[in-house]
Each structure stands twice: as structure tokens, then as C-alpha cells.
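S.K.: Sequence isn't available, so here's the structure alone:
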């Protein structure tokens, strides 16, 4: 594989999170991840065992979401979910924060929550990615505060979105933005040097993947992996 294409592939966490997905869908999407040798798959908790079995022996890592997608689980439940996922074979954990607690400025709760999950994951040598849900957490000062907390407690990544943070509009319709360049740049400059940034939500093209990389992202959640990687191969070659 071309080095440029390889590096782009290793930015992608292939998301397999749609509520309607079956075991057959999971197997197919793990096959996509294997074909393009992406960084990881990101799956639902019950799917970790199956994904780990399919990907065994490959370079594709198994990631799992917890407190997903709304972040409403109590702290002990999130810790239990994370520990269960690690025992089942996950080596990366994407946790959703308690969004309401962040919006009301209960930073002691948020700190305890993120630290609790980070500590159990690191005990299992798993990577922790903390999902802010920036369609809801819209104040720059709140994003910065979350970045500082993640740095303080030793989280490995900060992440924009779950991919399911739909906001009701005045019309009654629901809209979702996901990762934006200004928010990614803010997150990148607000975390410590050991904390990386993951974009998620709305990255569906090769140019968008390149743009978030230029904004400072190390990883990107994507469902449009086939489109992105086929375009990368066409543009940069496969030799």
C-alpha cells in the first residue's frame, strides 16, 4: 500500500454503530476494515467479542463505545461497561460524557467520571477517547474546560461527537453537524501535548479527512470508509 494511503487509513476508526446493524452487518463491516487496514473498528459493547474474533491476528484494533450515545449512564455503570469491553477484547474505549452535567458546569462530577473510566481502561492498557458531543457543548469555554480536565486526568484522546447528537430545530426537524474545523482546532490547542484529537461526525470524503488531519486530528471516526479509501487509492496510488 502507498505510504500516503496507509497513513490515511491508519487515521480511520471504522464506525459500526447504527442501531439496526445485525451480526451479519458487523461481519461485513469488519471485512471492510480489514480490506483497507484501517486503525480500528468502533463497535457497540455486545459486539466486541465477535469483532475481536474476526479481527484476530490483524493490525486492526477493536474499539468500543460506552455510555453511548447520550452519556446518561451513572459513573459505576460506565466503569463496568469499560471493564467488560476490555475483558471482551477491546483495546480502545470511546466514552460519552454526561452532557447535562457539563452544561450545568458540574466539573467535579465530569472530572470524577472521566478519571474513573480512564483509570480502569489504563489498568487494562486500553486507550480512552472522551466524547464531548459538540453539537450540544457549544460554548468555547466549556470545550476548553473539558480539554483541560481530559489532560489533567490522563485521557488519551478528546473526541468531538458520537455521530448521534441530533439537535431539534425551530422547524421541528432534527439536524446534526458533528466535527467542524474551528472546534477541532480549539480542541487541539487546548489539550496537553500527550492528548490527541479525534474527529467524528460529518467526515465522509477524502478531502474532509485531509482537512481534519490538517486541523490536528490523529484519528477520525467514519462510516464512509470505502468511499474515502477508494478515492485515496485513486489519488495517491496503491503501489
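M.R.: Cool, the structure landed. Every value quoted in this text rests on a predicted model; they were computed, and no experiment measured them.
S.K.: What are the buried residues along the lengthiest helix in the chain?
M.R.: For the chain, the helix with the greatest residue count under DSSP state H is helix 107-123. Along helix 107-123, these residues count as buried under the neighbour rule (16 or more other C-beta atoms under 10 Å): 109, 110, 111, 113, 114, 115, 116, 117, 118, 120, 121. (Each C-beta comes from the backbone N, C-alpha and C, glycine too.)
S.K.: I'd like to know which elements it is packed against.
M.R.: helix 75-88, strand 92-96, helix 99-103, strand 127-131, helix 140-153 (3 or more C-beta pairs under 8 Å, 6 or more residues apart in numbering; DSSP states H and E).
S.K.: any residues touching that helix, and which ones?
M.R.: 66, 75, 78-79, 82-83, 86, 93, 95, 97-98, 101-102, 127-128, 130, 145-146, 149-150, 152-155 (C-beta atoms under 8 Å, 6 or more residues apart in numbering).
S.K.: Tell me the buried residues within those residues.
M.R.: Going by neighbour count (16+ other C-beta under 10 Å), the contacts of helix 107-123 have 66, 75, 78-79, 82-83, 86, 93, 95, 97-98, 101-102, 127-128, 130, 145-146, 149-150, 153-155 buried.
S.K.: burial count for the closest residue to residue 239 other than its chain neighbours?
M.R.: Computed as C-beta to C-beta, 6 or more residues apart in numbering, the closest residue to residue 239 that is not its neighbour in sequence is residue 2, at 6.1 Å. Counted with other C-beta atoms under 10 Å, the burial measure for residue 2 works out to 15 neighbours.
S.K.: hang on, residue 21 in a strand?
M.R.: No. Using DSSP: H, G, I helix; E, B strand; the rest coil, the assignment for residue 21 is coil, not a strand.
S.K.: how deep is it tucked in, by neighbour count?
M.R.: Residue 21 has 15 neighbours, counted by other C-beta under 10 Å.
S.K.: Against residue 172, how distant is it?
M.R.: Look at residue 21 and residue 172: by C-beta to C-beta, to the nearest Å, they are 28 Å apart.
S.K.: Residue 139 now?
M.R.: 25 Å.
S.K.: Alright, that wraps it up for me.
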